[in-house]
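Q: quick one, structure for this:
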Amino acid sequence: MAASVAQRRDQGPAVRPTTSVVVPTYNEQDNVVPLVLALQEVLGRDGRHEVVFVDDSDDATPDVVRAVAREVDLPVRLVHRAAGQRQGGLGGAVIAGIRASSAETVVVMDGDLQHPPATVPLLVAALRGHDVAVASRYCEDGGADGLAGGLRHAVSRASTWSAKALFPRRLRDCTDPMTGFFAVRRSALDVDRLEPMGFKILLEILARHPLRVTEVPFEFGERHAGESKADLRQGILFVRQLLNLRAGRMVRFGLVGLTGLAVNLACMALLLVVGVHYLPASVLATEVAIVSNFVLQERFVFGDRRGLSSRRRRAWQAVLFNNLEQLVRLPLLVLAVGVLGAGELASQAGLIVLAFAGRYAFMSRVVYPQRASGILVVLRRRSGGRPVAVPVDELVG
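A: Predicted coordinates for the structure are as follows:
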């Protein structure tokens, strides 16, 4: 490989890539080398293309990426997300890769060789005049023979049908919104709008953006090595993603808030019936509602953002904010009931509803912020030709 190194050294300043291939990986150490070599074969060695691995692995995958980057002329970069930083699963990894990439055209593909590298140039070419080029298993000459067994075929078809039924307009030009193989123009995306959850990042992109879509048929191949990551948990995440896309996070926060309001008012009414004064009754009822709201928000509203801090920290933040809000609310409750003569329960309900926007803003931005982090390792060659890894901290939010 010495000749290759010398050739790179004589090329002068680095060329800005026109295409970035983003590859999310999780324990794919045996697939990295054949994938990079195949991509170099179809993309060339002129520096106009790059590969960005976004790795969530616990095995030797990042070491293999670093090693192969020293041996090839195709620029290879690595974003390794350590345990506790893997927000959004595979979809979050793709978003981190898009943020870390350099080119206007971004191709996303799996790292297990079920997405054929030879299709990458076809996607890039098809993107001209469009915002997204989708590699589809279900259009024209496409095929899904690489899916293991009839059950996975049925699940794939059912998932596709469900998504298209819920988003008929956004998905009208896409036969395979479940695919993880596509090309997209970076300028067509508002990455901050995306809230990735599990495998189906293309569905997230198409549902949240009005995009011009075209398709390229491809044969979904068999896995080269390793094990499939599809399981029941991914199925549950897919259902949650559909609900999140269709209803929206604020709507779900509001629905949880309504259950909390019902709990609050029921507890307060019971305390008033047994003779407790309305002020301590309001405080005790609010404490019960704070706990019930936190449990439901963890599960149904902010489940995809729980990895950024400990549950204990999130709980204390939620309890502290809601109690501070209650301290502000109590004088207003006294004013409404004691001065204006309003009913205790009606006043309690009205004041809780009025605080909805502030409560949502605090929970979504402070307790559950949308942020991802990773270590971007840029593999460069020194003037003497020796490859070195340059770490760059990257915060996404």
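
Q: domain ranges for this protein?
A: Per automatic domain parsing, the domain ranges recorded for the chain read 2-247, 249-367.

Q: export these to TSV and tack on mean pLDDT and mean neighbour count?
A: Bear in mind the C-beta positions are built from the backbone N, C-alpha and C, glycine included. What follows is those, written out as TSV (pLDDT from 0 to 100; neighbours: other CB atoms under 10 Å):
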stretch	mean pLDDT	mean neighbour count
domain 2-247	81	19
domain 249-367	92	16
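
Q: ok, R128 to Q40 distance?
A: Counting by CB to CB, to the nearest Å, the gap from R128 to Q40 is 23 Å.

Q: same check on A207?
A: For A207, the distance to Q40 under the criterion CB to CB works out to 34 Å.

Q: ditto for L242
A: From L242 over to Q40 (counting by CB to CB), the distance is 38 Å.

Q: ok, V291 next?
A: Separation of V291 from Q40 (CB to CB): 56 Å.

Q: again with A82
A: If you measure A82 against Q40 using CB to CB, the figure is 28 Å.

Q: one more: A93?
A: From A93 over to Q40 (counting by CB to CB), the distance is 22 Å.

Q: over to G350?
A: From G350 over to Q40 the distance is 65 Å, taken as CB to CB.

Q: what is the end-to-end distance of stretch 191-204?
A: With CA to CA, to the nearest Å as the measure, stretch 191-204 spans 11 Å from end to end.

Q: make 400 the first number, not 1, from now on.
A: In the new numbering, first residue 400, that becomes stretch 590-603.

Q: now find how far off-centre that stretch is within its chain.
A: Mean-position distance between stretch 590-603 and its chain equals 5 Å (CA atoms, centre = their mean, to the nearest Å).

Q: how about the nearest residue to the most centrally placed residue in the chain, chain neighbours excluded?
A: Most central in the chain under CA atoms, centre = their mean is P595, positioned 2.2 Å from the mean C-alpha point. Residue nearest to P595 in three dimensions, not counting chain neighbours: G490, with 2.8 Å by CB to CB, 6 or more residues apart in numbering.

Q: and V421, by the same measure?
A: G496 (3.5 Å).

Q: OK, contacts around the one you found?
A: Neighbouring residues of G496 by CB atoms under 8 Å, 6 or more residues apart in numbering: S419, V421, V422, P423, V451, F452, V453, V478, V505, V507.

Q: give me that answer again for 10 Å
A: Shown in contact with G496 (CB atoms under 10 Å, 6 or more residues apart in numbering): 419-423, 450-454, 476, 478, 505, 507, 773.

Q: got it, and T504?
A: Neighbouring residues of T504 by CB under 10 Å, 6+ apart: 416-420, 448, 522-523, 526-527, 532, 582-586.

Q: phi, psi of it?
A: Backbone geometry at T504, expressed as degrees, to the nearest 10, gives phi -90, psi 120.

Q: and for D530?
A: As for D530, its main-chain torsions (degrees, to the nearest 10) stand at phi -100, psi -30.

Q: unless I'm mixing things up, it is touching C573, no?
A: No: assessed by CB atoms under 10 Å, D530 is found out of contact with C573, at 11.7 Å.

Q: identify the contacts common to these two.
A: Shared contacts of D530 and C573 (CB under 10 Å, 6+ apart): L605, L610, V612, T613.

Q: which members of the contacts of T504 occur in helices, if any?
A: With helices identified by DSSP state H, the entries of the contacts of T504 that belong to them are L522, V523.

Q: wait, which of the contacts of T504 is closest to R698?
A: V583 (31.6 Å; CB to CB).

Q: bridged to that closest one, which residues?
A: Note on V583: beta-bridge partners V505, V531, judged by DSSP bridges.

Q: for it, what are its contacts?
A: With contacts defined as CB under 10 Å, 6+ apart, V583 is in contact with 421, 497, 503-507, 522, 526, 529-533, 601, 604-605, 608, 610, 612.

Q: separation between it and I604?
A: Distance check for V583 against I604: by CB to CB, it reads 7 Å.

Q: joint contacts of those two?
A: Counting by CB under 10 Å, 6+ apart, the common neighbours of V583 and I604 are I497, V507, D530, V531, L610.

Q: could you dump stretch 505-525 to PDB, C-alpha only?
A: Taking Å, rounded to 0.1, in the frame of the first residue of the first chain, the C-alpha atoms of stretch 505-525 are listed here in PDB:
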ATOM      1  CA  VAL A 505     -25.800  12.000   1.200                       C
ATOM      2  CA  VAL A 506     -26.300   8.300   0.600                       C
ATOM      3  CA  VAL A 507     -27.500   6.200   3.500                       C
ATOM      4  CA  MET A 508     -27.000   2.400   3.500                       C
ATOM      5  CA  ASP A 509     -26.600  -0.500   5.900                       C
ATOM      6  CA  GLY A 510     -23.300  -1.900   6.800                       C
ATOM      7  CA  ASP A 511     -24.200  -5.600   6.300                       C
ATOM      8  CA  LEU A 512     -23.800  -5.700   2.500                       C
ATOM      9  CA  GLN A 513     -27.500  -6.400   2.000                       C
ATOM     10  CA  HIS A 514     -27.600  -3.000   0.300                       C
ATOM     11  CA  PRO A 515     -25.400  -3.600  -2.800                       C
ATOM     12  CA  PRO A 516     -22.700  -0.900  -3.200                       C
ATOM     13  CA  ALA A 517     -23.100  -1.000  -7.000                       C
ATOM     14  CA  THR A 518     -26.500   0.700  -6.500                       C
ATOM     15  CA  VAL A 519     -24.900   3.800  -4.900                       C
ATOM     16  CA  PRO A 520     -23.900   5.500  -8.200                       C
ATOM     17  CA  LEU A 521     -27.400   4.800  -9.600                       C
ATOM     18  CA  LEU A 522     -29.000   6.500  -6.600                       C
ATOM     19  CA  VAL A 523     -26.700   9.500  -7.000                       C
ATOM     20  CA  ALA A 524     -27.500   9.800 -10.700                       C
ATOM     21  CA  ALA A 525     -31.300   9.400 -10.000                       C
END
